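Pasting a predicted model and its sequence here:
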Amino acid sequence: MAMDRGVACIAAGTTALEFHRCEGVDWAPYHFAFNIAPNLFEDARRWLAERVELLAENGNPVFEFATWNARALYFKDADGNIVEFIARRDLPAVEAQSFGPEHILCVSEIGIVVPDVCDAVDFLAREFRLPRYSGNDGTFAAVGDVHGLIIAVPPGRVWYPTKEMRAAATPHRIAIAGMHEGSAFIPGTEYRVESQIGD
């Protein structure tokens with residue numbers, strides 16, 4: 001992690017996650033996730049448990065997502081954001097004996113808080129050709145693919161898997177590699193999406 005002039009940058013495999021200090025903007029907890037190789041999940045759980053308190057449901061820190069063919073671990077970072085390590089079985093294994101930060105594959109998910117989830121999904125599909133991956137019932141939707149998802153929720157929705165941390169919007173810039181080049185704000189928000197043709 002590098003930090004300079006109020007900017008913290010985390011290298012995450014083939015991607016980067018930046019945090020900028022914004023004067024006059026109220027802090028709100030956010031959700032973001034990292035893809036990890038499916039064969040390193042159990043070792044990643046041990047590695048995380050030595051460093052942070054894993055969130056759990058009924059005492060179990062492993063969250064299974066059958067429809068996503070994945071399982072995940074959650075914890076709070078130092079600022080109270082909800083962080084996820086997700087092992088998607090549709091991604092290939094890596095050659096490694098044990099898990100370390102170098103085995104984070106990429107930023108897997110970034111949460112956004114939008115006034116209308118369905119409108120945001122339609123906008124991302126129309127302007128950036130991002131396919132719907134899951135959800136879209138007005139309270140949750142994921143667009144993209146297993147290499148990267150934008151998770152859209154309405155204001156006030158509780159960030160899973162907590163019972164109390166409610167979603168609120170703050171400014172974001174999301175840069176993606178896709179099938180389309182363009183830059184636009186999601187209507188009614190301060191979320192700027194930038195896309196370049198890439199892998």
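On my side now, so go ahead. Numbering: from 1, shown residues only.

ok, then the element right after the helix or strand harbouring I150?
Assigned by DSSP states H and E, I150 falls within strand 148-153. Downstream of strand 148-153, the next assigned helix or strand under DSSP H and E is strand 172-178.

Direction included, what does the helix or strand just after that following strand pair against?
Sequence order places strand 182-185 as the next helix or strand after strand 172-178, per DSSP H and E. Strand pairing for strand 182-185, determined by DSSP bridges: strand 191-197 (antiparallel).

in the partner strand, what's buried?
Y191, V193, S195 (16 or more other Cβ atoms under 10 Å). The C-beta positions use only the backbone N, C-alpha and C, and glycine is treated the same way.

pLDDT wise, what is the last one at?
Pointing back at S195 there. At S195, the model reports a pLDDT of 92.

for this protein, what's the longest strand?
If you go by DSSP state E, the chain has its longest strand at strand 104-113.

packing partners for the next helix or strand after it?
Scanning forward in sequence from strand 104-113 by DSSP H and E, the next helix or strand is helix 117-128. With contacts taken as 3 or more Cβ pairs under 8 Å, 6 or more residues apart in numbering; DSSP states H and E, helix 117-128 sits against strand 132-135, strand 141-145, strand 148-153, strand 182-185, strand 191-197.

could those go into JSON lines alongside distance to L105?
As requested, the helices and strands packed on helix 117-128 are exported to JSON lines (distance: least, Cβ to Cβ, whole Å):
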{"stretch": "strand 132-135", "distance to L105": "17"}
{"stretch": "strand 141-145", "distance to L105": "13"}
{"stretch": "strand 148-153", "distance to L105": "10"}
{"stretch": "strand 182-185", "distance to L105": "26"}
{"stretch": "strand 191-197", "distance to L105": "20"}
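
and Y74, which of the ones you listed is closest to it?
Closest of these to Y74 is strand 148-153, at 13.4 Å (criterion: Cβ to Cβ).

next one: that closest one to chain centre, how far?
How far strand 148-153 lies from its chain's middle: 7 Å, per Cα atoms, centre = their mean, to the nearest Å.

Do I have it right that H180 meets P131?
No. With contacts counted by Cβ atoms under 8 Å, H180 stays clear of P131, the gap being 12.0 Å.

number of nearby residues for L54?
16 (other Cβ atoms under 10 Å).

Skip the chain neighbours and tell me the closest residue to it.
What sits nearest to L54 in space, not counting adjacent residues and going by Cβ to Cβ, 6 or more residues apart in numbering, is P61, at 3.9 Å.

returning to that earlier point: between the longest strand of the chain and strand 172-178, how big is the angle?
In terms of direction (axes from the mean of the first three to the mean of the last three Cα atoms, to 10 degrees), strand 104-113 departs from strand 172-178 by 130 degrees.
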